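Visitor: Please work out how this folds:
(2 chains)
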Protein chains: 2
Amino acid sequence: MTHPHIHPVILSGGVGSRLWPMSRALYPKQLLPLAEQEPMLTATVRRTCGPEFAAPILVCNEAHRFIIAEQLRLQGVKGASIILEPIGRNTAPAVAVAALAVLAKDPDGLMLVMPSDHVIGKLEAFHQAIGLAAQAAAGGKLVTFGITPTAPETGYGYIRAGEASAQWPGVHAVERFVEKPDRKTAEGFLADGGYSWNAGIFLFSAKELLQELTALAPEIVTAVQAAWTGSAEDLDFHRLDKQAFAAAPSLSVDVAVMERTQKAAVVPVDMAWNDVGAWPALWEISEKDPHGNVLLGDVMAVDVKGSYVRSERGPLTAVVGLDDVVVVATDDAILVTSKDRAQGVKAVVEALEAQGRHEHLSHTTVYRPWGSYRTVDLGDRYQVKQIMVHPGHTLSLQYHFHRAEHWIVVEGTARVTCGEKVFLLQENESTYISAGTIHRLENPGCVPLRLIEVQSGSYLGEDDIVRLEDTYGRC
Amino acid sequence: MTHPHIHPVILSGGVGSRLWPMSRALYPKQLLPLAEQEPMLTATVRRTCGPEFAAPILVCNEAHRFIIAEQLRLQGVKGASIILEPIGRNTAPAVAVAALAVLAKDPDGLMLVMPSDHVIGKLEAFHQAIGLAAQAAAGGKLVTFGITPTAPETGYGYIRAGEASAQWPGVHAVERFVEKPDRKTAEGFLADGGYSWNAGIFLFSAKELLQELTALAPEIVTAVQAAWTGSAEDLDFHRLDKQAFAAAPSLSVDVAVMERTQKAAVVPVDMAWNDVGAWPALWEISEKDPHGNVLLGDVMAVDVKGSYVRSERGPLTAVVGLDDVVVVATDDAILVTSKDRAQGVKAVVEALEAQGRHEHLSHTTVYRPWGSYRTVDLGDRYQVKQIMVHPGHTLSLQYHFHRAEHWIVVEGTARVTCGEKVFLLQENESTYISAGTIHRLENPGCVPLRLIEVQSGSYLGEDDIVRLEDTYGRC
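Guide: The predicted structure follows:
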């Protein structure tokens, strides 16, 4: 059987705060290789390669745009549309805007909506379910995928499947959606066999979705259409109109449509799905040593059982005489918790935010469209940064009021503009940019450029910068 | 009553491995402000200031000499003798060599032997006990201080007091020394009331000690006399002859003398003593918050009770939903353990040693007689160091075969020798030292000099250094 083209729509709006300190608002969970060798977002993209799929549409936080573009480039993903949310409005507006994007190029197109931060262990089962769901979606159904439960989870919503469709094998009517249950109810669901977990993965036609949304939550469609019409093309990105998008009610797809439409259907599927919601989930899905430990990076465990200990770019981490703990270290933050109380990490992230700190926002390495930098030493009147510039990339033409900069190239070649002069700087060569001097840094070469910058001055904040020209639209 | 002068003898031979990661072999426990605001060693020195005490004698590991000298200087301690052990031989040889040092200037002198890494909460009680013990020591007794037990500890040896002395109030004969007991025996000792903890603190005359040692362990005296006679004065240090000292049997004062002499006496004392043997002891003696936690440095505790969490120069450390744990973070190593299994940290230190790592040996900040340095970034062909030079100090005249160095002054003023040239470098000025060029760095000023050094080259090991001249005898 054939069906219209399927457009993968990947939602990348979350910040993954329960996976702090590795996940940070500006470089969250889905962009990290937490569960596998590659980031979850590109792993999600690569689950939908093949002739039946169109190029993916990503709906993401504006702050993540350069990282996502770079990750797609590294994975060789071509033709992706990246829609930038100027503000988070939950999943229904994000899906609606993706539907408009699909409609614009493929009026009959189906869309497969997937969160960017899940793991699916059995890809073949997923593809088989997609095949079943696509028939029903082409026939006007709004299909959700129901995950066969393996434990009495109290952290997920459930779907009770109804009558099997006569027309579309493997597809059921939805009898009802159920909110997160208590433990006893969840045990009953597991025993019953007719319930599945609601994973937030959907397949429907763009047209149908918009019709239902227009009927059930018209304010979303109005707001999103205005935001889409007012969107600007910015490099490879669609930047939605902020004011218009902000007017959309913040609702999930489930609440706005799925729980209310007469067209809901469910395809139950057993595909080793995991939403990697918190650290214990990562312990769950990782390979364990004979003591039941998952040990990653520079860690030592003495007399430890059933634990998750991870320090890939953090300090040496030694755990002694503890069971069932989670220890995750990065170079500027450490989390120590127990597997059964790890949800409490959210309180840490909230406290950091309330205190105006930065450890919930960004890592020590800060990513820019041209590369990255990391502060390696900081004093009252000086700061030392290690700066990496991608081959062929260029920082803005800029100057600072309050700081002078010494640059020492330690890898690759730099082209430096300093006042009127333009010159090359090789490994082990240095230069000096006095405060107030207009300057620019480029990597004209084909290997990464790495340099050490020593800043000196009375004020060293990132906001002491005047950009005169910028390749990435940041002037 | 009067008595001969008391010479404080402070033994600083240990490496405090159960207090890793803060304690490291090259900068151990006693040199750190772990329990109080100041390092335990200088706190120990300052317990014996007053007219009845002579200047202290320190017996220490050669590797710690510059740090100890600097700490004494900072605390304003004058006239201390520092005897350097070329190799550790337990306490009896260390005490014997201190006795020779006392005899050389004061034939009737008493010596008060104290480990450098204990805490004494009730100083007045200690001084009172010293006063009682000094009378007996002047009369020929070898006095040990017995700590009134407050719990059935199984980690200490015990002393059973015998008959009270008629001649010296507060002084008892020693009935017997008891090895570390099991829990039940320790409970019996506590109930009995006649037992005290053996704290390794002694008071005796130097002459008497040497006489008893000559009778009971003559090989120690022979070896130590040769080591002392062969010792060299090196700046402010007595450096013992290594070969001679190595011949001394490695025995404790207790085993070599106290347990065998007829002249042993004990002064029981209740002085809030703690040997700070491991992390739980520090929790024990520290002030706690209402949840029974000790939280030091950049730490957060959510839903945590009875725990010790410390990160003074390490990353932000968040503990969530755990009780009775110990978490100690430094900038290059983290320990996570439980209060009742914290002894296991020794296994970590042993493993690090077996693996040829450095985290048990040194901190990221490395101390030199002229100041200190810390590696802040390290790549394949470059290294960035922050270097601090004390006012008036000078590094050696040196050159390197394999690395060039860029220096940027970020605080203070440097006098730089580079080849034939000598010049001053101020804040925000830089210079370049090519490989092979003879150079020297000095701080001619009266505030600390801080500079950033960027090394560039194919080999960056500390051993690529040729010293032509050195103020600290390191050529």
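Visitor: what's the domain layout of chain A?
Guide: Taking automatic domain parsing as the criterion, chain A consists of the domains A:6-274, A:279-353, A:365-469.
Visitor: what's the closest of those domains to chain B?
Guide: Closest of the domains of chain A to chain B is domain A:279-353, at 2.7 Å (criterion: C-beta to the nearest C-beta). All C-beta atoms are positioned from the backbone trio N, CA, C, and that covers glycine.
Visitor: Tell me if that closest one is near chain B.
Guide: Yes. Residues of domain A:279-353 are located near chain B by C-beta under 8 Å from any C-beta of the partner chain, namely A:300, A:302-303, A:311, A:314-322, A:325, A:327, A:329-338, A:340-342, A:344-345, A:347-348, A:351.
Visitor: Surely A:F66 is within a helix?
Guide: Yes. Assessed by DSSP: H, G, I helix; E, B strand; the rest coil, A:F66 belongs to a helix.
Visitor: Compute the distance between the nearest residue to it once chain neighbours are set aside and A:H390, please.
Guide: The shortest distance from A:F66 to any non-neighbouring residue, by C-beta to C-beta, 6 or more residues apart in numbering or on different chains, is to A:P369 (4.2 Å). Separation of A:P369 from A:H390 (C-beta to C-beta, to the nearest Å): 9 Å.
Visitor: Which one's more surrounded, these two?
Guide: Remark: of A:P369 and A:H390, A:P369 carries more neighbours, 19 against 16, as counted by other C-beta atoms under 10 Å in any protein chain shown.
Visitor: which residues does the more buried one contact?
Guide: A:66, A:393, A:471-472, A:474 (C-beta atoms under 8 Å, 6 or more residues apart in numbering or on different chains).
Visitor: got CSV for those residues, with secondary structure, pLDDT and neighbour count too?
Guide: Below are the contacts of A:P369 laid out as CSV (DSSP: H, G, I helix; E, B strand; the rest coil; pLDDT from 0 to 100; neighbours: other C-beta atoms under 10 Å in any protein chain shown):
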residue, secondary structure, pLDDT, neighbour count
A:F66, helix, 88, 16
A:H393, coil, 94, 19
A:T471, coil, 85, 15
A:Y472, coil, 82, 16
A:R474, coil, 76, 11
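Visitor: and the next element down the chain from the helix or strand harbouring A:Q383?
Guide: If you go by DSSP states H and E, A:Q383 is part of strand A:382-389. Once the chain leaves strand A:382-389, the next helix or strand it forms, by DSSP H and E, is strand A:397-399.
Visitor: packing partners for that following strand?
Guide: Strand A:397-399 sits against strand A:439-442, strand A:466-469, with contacts defined as 3 or more C-beta pairs under 8 Å, 6 or more residues apart in numbering or on different chains; DSSP states H and E.
Visitor: please redo it, this time with the cut-off set to 6 Å
Guide: Here strand A:397-399 touches strand A:466-469, going by 3 or more C-beta pairs under 6 Å, 6 or more residues apart in numbering or on different chains; DSSP states H and E.
Visitor: What strands line up against the strand it packs on, and which way round?
Guide: strand A:397-399 (antiparallel) (DSSP bridges).
Visitor: in the strand it pairs with, what counts as buried?
Guide: A:397-399 (16 or more other C-beta atoms under 10 Å in any protein chain shown).
Visitor: tell me how far it is from the chain's mean position?
Guide: Put simply, strand A:397-399 sits 31 Å off its chain's centre (C-alpha atoms, centre = their mean, to the nearest Å).
Visitor: Just after that strand, pick out the following helix or strand.
Guide: Using DSSP H and E, the helix or strand that follows strand A:397-399 towards the C-terminus is strand A:403-411.
Visitor: Let's see the longest strand seen in chain A as PDB, backbone CA atoms only.
Guide: Selection of the longest strand in chain A by residue count, based on DSSP state E, yields strand A:195-205. This file holds the C-alpha atoms of strand A:195-205, laid out as PDB (Å, rounded to 0.1, in the frame of the first residue of the first chain):
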ATOM      1  CA  TYR A 195      -3.400   0.200  28.000                       C
ATOM      2  CA  SER A 196      -0.300   1.800  26.600                       C
ATOM      3  CA  TRP A 197       2.000   4.700  27.400                       C
ATOM      4  CA  ASN A 198       1.400   8.000  25.700                       C
ATOM      5  CA  ALA A 199       4.700   8.900  24.200                       C
ATOM      6  CA  GLY A 200       3.800  12.100  22.400                       C
ATOM      7  CA  ILE A 201       4.600  10.600  19.000                       C
ATOM      8  CA  PHE A 202       1.900  11.300  16.300                       C
ATOM      9  CA  LEU A 203       1.200  10.700  12.700                       C
ATOM     10  CA  PHE A 204      -1.500  12.700  10.800                       C
ATOM     11  CA  SER A 205      -2.000  14.700   7.700                       C
END
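Visitor: Could you give the separation of it from the chain centroid?
Guide: With C-alpha atoms, centre = their mean, you get 19 Å for strand A:195-205.
Visitor: Could you identify the helix or strand that succeeds it?
Guide: Following strand A:195-205 toward the C-terminus (DSSP H and E): helix A:206-216.
Visitor: How many residues are close by the residue lying closest to A:A161 once chain neighbours are set aside?
Guide: Spatial nearest neighbour of A:A161, chain neighbours left out: A:H172 (4.1 Å); criterion: C-beta to C-beta, 6+ apart. When neighbours are defined as other C-beta under 10 Å, A:H172 has 23 of them.
Visitor: beta partners of A:H172?
Guide: A:A164, A:V266.
Visitor: Report the separation between it and A:S165.
Guide: In terms of C-beta to C-beta, A:H172 sits 7 Å off from A:S165.
Visitor: part of a helix, is A:K184?
Guide: Yes. Applying three-state DSSP, one finds A:K184 inside a helix.
Visitor: coming back round to it: would you convert the domains of chain A into a markdown table that also reports distance to B:V294?
Guide: Formatted as a markdown table, the domains of chain A follow (distance: least, C-beta to C-beta, whole Å):
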| stretch | distance to B:V294 |
| --- | --- |
| domain A:6-274 | 22 |
| domain A:279-353 | 15 |
| domain A:365-469 | 28 |
